[in-house]
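Student: I'd like to go over a predicted model; first the sequence, then the structure.
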Amino acid sequence: MAITTVPCPLPGTFYRRPSPDQPPFKTEGDTVAVGDTIGLVEVMKSFTTITAEIAGVVAKFHVDDEDPVMAGEPLFDIEA
């Protein structure tokens, strides 16, 4: 199986859940379909949705909830 690493599209703060009182969009081991939301990147109160571009399984997150991220930094791996 192939592993695809998804990079961060812009600098900001990565969120794995829609709000602090909600469960994560996806966790390691979850199946994802094309278009599924994996997380959000927030920049100055503007949120960019990070979606799966391939179907597979979330193999690993490289960043935690609320971590600062830079453009190009690996966010997570999808095993297809």
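Tutor: Cool, the structure landed. Just so it is clear, the model here is predicted, and its values are computed rather than measured. Numbering: from 1, shown residues only.

Student: switch to C-alpha atoms for all contacts and neighbour counts from now on
Tutor: Will do.

Student: Please tell me I have it right and V69 contacts P7.
Tutor: No - V69 lies out of contact with P7 (C-alpha atoms under 8 Å); the separation is 9.9 Å.

Student: okay, those two: which has more neighbours?
Tutor: V69 (21 against 17; other C-alpha atoms under 10 Å).

Student: Now for the residue nearest to I54 when sequence neighbours are not counted, how many residues are close by?
Tutor: Nearest residue to I54 in three dimensions, chain neighbours excluded: V34, at 5.0 Å (C-alpha to C-alpha, 6 or more residues apart in numbering). Neighbour count of V34, defined by other C-alpha under 10 Å: 11.

Student: Quickly note the distance from A33 to E79.
Tutor: Distance of A33 to E79, given as C-alpha to C-alpha, to the nearest Å: 12 Å.

Student: what touches both of the two?
Tutor: G56 (C-alpha atoms under 8 Å, 6 or more residues apart in numbering).

Student: Which stretches in the chain count as strands?
Tutor: Taking DSSP state E as the test, the strands found in the chain are 3-7, 12-15, 31-32, 37-43, 46-51, 56-61, 67-69, 74-79.

Student: Could I get these in a markdown table, plus columns for mean pLDDT?
Tutor: Formatted as a markdown table, these follow (pLDDT from 0 to 100):
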| stretch | mean pLDDT |
| --- | --- |
| strand 3-7 | 96 |
| strand 12-15 | 98 |
| strand 31-32 | 97 |
| strand 37-43 | 97 |
| strand 46-51 | 96 |
| strand 56-61 | 97 |
| strand 67-69 | 98 |
| strand 74-79 | 97 |
